[in-house]
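**Student:** Predicted coordinates and the sequence they were generated for:
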There are 2 protein chains.
Amino acid sequence: MKNRICSLFNIQYPIIQGGMVWCSGWELVTAVSNAGGLGLIGAGSMHPDNLRHHIQRVKQHTNKPFGVNVPLLYPEMDKVMQIIVDEKVPIVFTSAGSPSKWTPFLKEHGITVAHVVSSAKFALKAQAAGVDAIIAEGFEAGGHNGREETTTLVLTPSVKRAITIPLIAAGGIATGDAILAVMALGAEGVQIGSRFAVSKESSAHVAFKQRVVDSGEGDTMLCLKKLAPARLLNNAFYQMVAAAENNGASTQELTLLLGKGRAKKGIFEGDINEGELEIGQVNALINDIPTVADIFHNLITEYAEARNRLQSNSLF
Amino acid sequence: MKNRICSLFNIQYPIIQGGMVWCSGWELVTAVSNAGGLGLIGAGSMHPDNLRHHIQRVKQHTNKPFGVNVPLLYPEMDKVMQIIVDEKVPIVFTSAGSPSKWTPFLKEHGITVAHVVSSAKFALKAQAAGVDAIIAEGFEAGGHNGREETTTLVLTPSVKRAITIPLIAAGGIATGDAILAVMALGAEGVQIGSRFAVSKESSAHVAFKQRVVDSGEGDTMLCLKKLAPARLLNNAFYQMVAAAENNGASTQELTLLLGKGRAKKGIFEGDINEGELEIGQVNALINDIPTVADIFHNLITEYAEARNRLQSNSLF
């Protein structure tokens, strides 16, 4: 295999599709895995029975490796983990919680485990818990985000210095140039979210995808920091949150403002005004809604071109 | 010359030392220019007569190109600009203000002008104003910072797509790996601040330098957003600001809290508790106080090693 990430997951390209809520159903996952990357089902927006359904559909539509992303703080974790084992899911990415409880359970069942972190400190804890790889996700990433606000350019080398297991960079990566950039920083793979959220096969509502295409640089902001920090696109809901935060709104006031089901409303139902529109800063670089196959073609072509550009001039 | 940035400034390496307040006196500037990069005097912390003194000392200690960084919103701008012309400074980097007023004046006097921006929109305006190069500075940078919070990984390609003049990336760059990373994103040069702030030749107080060395990942935060956003190291002063902001403090309250001379107190006088400690997120990667010559040696060696690493594996 080409490197430790390709080898660990048995994939052709070290490109992982983030398991995003309301975007990452079986159609996106099979398209990514069939293109030679690693598709991840986003369990964060699925009731356990629905998760089982998506896993089964993936197995019907690809014989390539795939995985499930599991936010560990979500309810019914026992049921979710049992479904993953029963359905013989080969790979699990865990996030939003401590990996120490579930990593041994998953490893005992022969499952490869990777854990998402926002700091070198958490990366070391995850490595000690026995995970096989680390995803270091920077401040520019969409949706839920770390409190330290460390960007991918700083976080990637910082985590790389701390750990010995393979490192996957995430946050701000939507082009082949950016893949090359994080490889220069020591990553052996990338996790790409937003670019795949805005693809034909993503289960997000077309109004959400079009809203991202129409948006530009500076149109996302990290907010809800007193709850769990999330990067959202600027819309009516975001403006309401920003005004409240500007006036020093309490955790309770923000919880009330957020209510239930905001992400579903925005991403899945396409209410682009009142919904929570989770997307990364790379919204600035996303101008179309291509197929997953076209995204892979572009990433690979851009990577090769950027590499040739760097090889052909010798600045130092 | 090797690329458009080397050619524009007539320098050996496309490495520019940011003109930082209280760090960038004649000693740092001459060391950087003599090492083959471009040293910039930080006029932001100098009264006009002091600026003239530093320019004259630089000219006494190097025959290489050098420049001055001018924050355009500062007082006595007429006097500052006249000194720059009188002293035949070859290069000016402008920041913190509109480049439309002073760019024509500087260009008429044969001075090369570059302008610092935090968005593609401002980059286009600066290009239209006639500047020769753009510095795109990301969210991870120390000190004063843009309101959009766009990180270097996203800002660099976004600005690159917008402009035709050469692009210098800034923010989060302290190693040769990071230079290679932003070159992959389309930059033709880098502006490095924090790494040079913590060098032997920097005029910052040794207590400030040591405090940065002792700090780690996640120890800086962007604050004072209702005034002018600034990235500061976490200390007693920062904690006071954070508590006030958490409670929705007004612009007036924050202005009062900030008072006068906080950056001088922290960086130049070494009051690491009550001063404003401006430093970028790369504080996480800074563990020593080397000479400028050693910093250049490391940057060049790391760049070459990272480039060889990328060339020797073909992932795509």
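**Tutor:** Noted; the coordinates are in hand.
**Student:** Give me the pLDDT for the closest residue to A:Cys6 other than its chain neighbours.
**Tutor:** Distances taken as C-beta to C-beta, 6 or more residues apart in numbering or on different chains place A:Pro14 nearest to A:Cys6, at 5.4 Å, with adjacent residues excluded. Any C-beta I mention is one placed from the backbone N, CA and C, and that applies to glycine too. The model reports A:Pro14 with a pLDDT of 98.
**Student:** burial measure for the residue of the stretch 201-316 of chain A found nearest chain B, as a count.
**Tutor:** Nearest residue of the stretch 201-316 of chain A to chain B, counting by C-beta to the nearest C-beta: A:Gly248, 2.4 Å away. Neighbourhood size, A:Gly248 [other C-beta atoms under 10 Å in any protein chain shown]: 14.
**Student:** Name all residues that make contact with the residue nearest to it when sequence neighbours are not counted.
**Tutor:** Nearest non-adjacent residue to A:Gly248, counting by C-beta to C-beta, 6+ apart: B:Gly248, 2.4 Å away. Residues in contact with B:Gly248 (C-beta atoms under 8 Å, 6 or more residues apart in numbering or on different chains) are A:Asn246, A:Asn247, A:Gly248, A:Ala249.
**Student:** What residues does the first one make contact with?
**Tutor:** To tie it back to what came earlier, the one meant is A:Asn246. B:Gly248.
**Student:** circling back: return the distance of the residue of the stretch 201-316 of chain A closest to chain B relative to B:Asn247.
**Tutor:** Using C-beta to C-beta, to the nearest Å, one gets 5 Å for the distance from A:Gly248 to B:Asn247.
**Student:** Tell me how chain A divides into domains.
**Tutor:** Using automatic domain parsing, the domain parsing of chain A gives A:4-203+A:286-312, A:216-282.
**Student:** next one: the shortest one to chain centre, how far?
**Tutor:** The chain centre lies 18 Å from the centre of domain A:216-282; the measure is C-alpha atoms, centre = their mean, to the nearest Å.
**Student:** From what I see, A:Ala181 and B:Gly186 are in contact.
**Tutor:** No. Using C-beta atoms under 8 Å, A:Ala181 makes no contact with B:Gly186, being 9.9 Å away.
**Student:** Out of those two, name the residue with the larger neighbour count.
**Tutor:** Neighbours were counted for A:Ala181 and for B:Gly186 using other C-beta under 10 Å; A:Ala181 has more, 32 against 19.
**Student:** can you pull the contacts of the more buried one?
**Tutor:** Each residue near A:Ala181 by C-beta under 8 Å, 6+ apart is listed here: A:Leu153, B:Leu153, B:Leu180, B:Ala181, B:Val182, B:Ala184, B:Leu185.
**Student:** so which pair among these is furthest apart in space?
**Tutor:** Greatest spatial distance among those (C-beta to C-beta): B:Leu153 and B:Leu180, at 13.2 Å.
**Student:** Neighbour count for these two, which is higher?
**Tutor:** B:Leu153 (37 against 26).
**Student:** which one is that one nearest to, not counting chain neighbours?
**Tutor:** Spatial nearest neighbour of B:Leu153, chain neighbours left out: A:Gly172 (3.9 Å); criterion: C-beta to C-beta, 6+ apart.
**Student:** Closest one of the contacts of A:Ala181 to A:Ala128?
**Tutor:** If you rank those by distance to A:Ala128 using C-beta to C-beta, A:Leu153 comes first, at 25.9 Å.
**Student:** didn't that closest one look like it was pressed against B:Leu155?
**Tutor:** No. A:Leu153 lies out of contact with B:Leu155 (C-beta under 8 Å); the separation is 10.3 Å.
**Student:** okay, and the common contacts of those two?
**Tutor:** B:Gly138, B:Gly171.
**Student:** pLDDT at A:Met1, what is it?
**Tutor:** Residue-level confidence at A:Met1 comes out at 56, pLDDT.
**Student:** again with A:Phe316
**Tutor:** So A:Phe316 comes in at 73 (pLDDT).
**Student:** I'd like the distance between it and B:Ile15.
**Tutor:** In this view, A:Phe316 and B:Ile15 are 9 Å apart by C-beta to C-beta.
**Student:** Between these two, point out the one with more neighbours.
**Tutor:** Shown here are A:Phe316 and B:Ile15; by other C-beta under 10 Å, B:Ile15 has more neighbours (31 against 20).
**Student:** how near is that one to B:Val212?
**Tutor:** Taken as C-beta to C-beta, the span from B:Ile15 to B:Val212 is 20 Å.
**Student:** So what's the model's average confidence on the helix or strand hosting A:Val29?
**Tutor:** Assigning secondary structure by DSSP states H and E places A:Val29 in helix A:26-34. Mean pLDDT, helix A:26-34: 98.
**Student:** try stretch A:158-178
**Tutor:** In this model, stretch A:158-178 has a mean pLDDT of 98.
**Student:** what does stretch A:110-118 give?
**Tutor:** Rounded mean pLDDT across stretch A:110-118 is 98.
**Student:** does any bit of it sit next to chain B?
**Tutor:** No. Applying C-beta under 8 Å from any C-beta of the partner chain, one finds stretch A:110-118 separated from chain B by no less than 8.7 Å.
**Student:** and that stretch, which residues are buried?
**Tutor:** A:Ile111, A:Thr112, A:Val113, A:Ala114, A:His115, A:Val116, A:Val117, A:Ser118 (16 or more other C-beta atoms under 10 Å in any protein chain shown).
**Student:** Show the subsequent helix or strand relative to the helix holding A:Val29.
**Tutor:** Criterion used, DSSP H and E; the element after helix A:26-34 is strand A:39-42.
**Student:** can you list contacts of that following strand?
**Tutor:** A:16-26, A:28-33, A:51, A:54-55, A:58, A:62, A:66-69, A:91, A:93.
**Student:** That's all I had, so thanks and see you.
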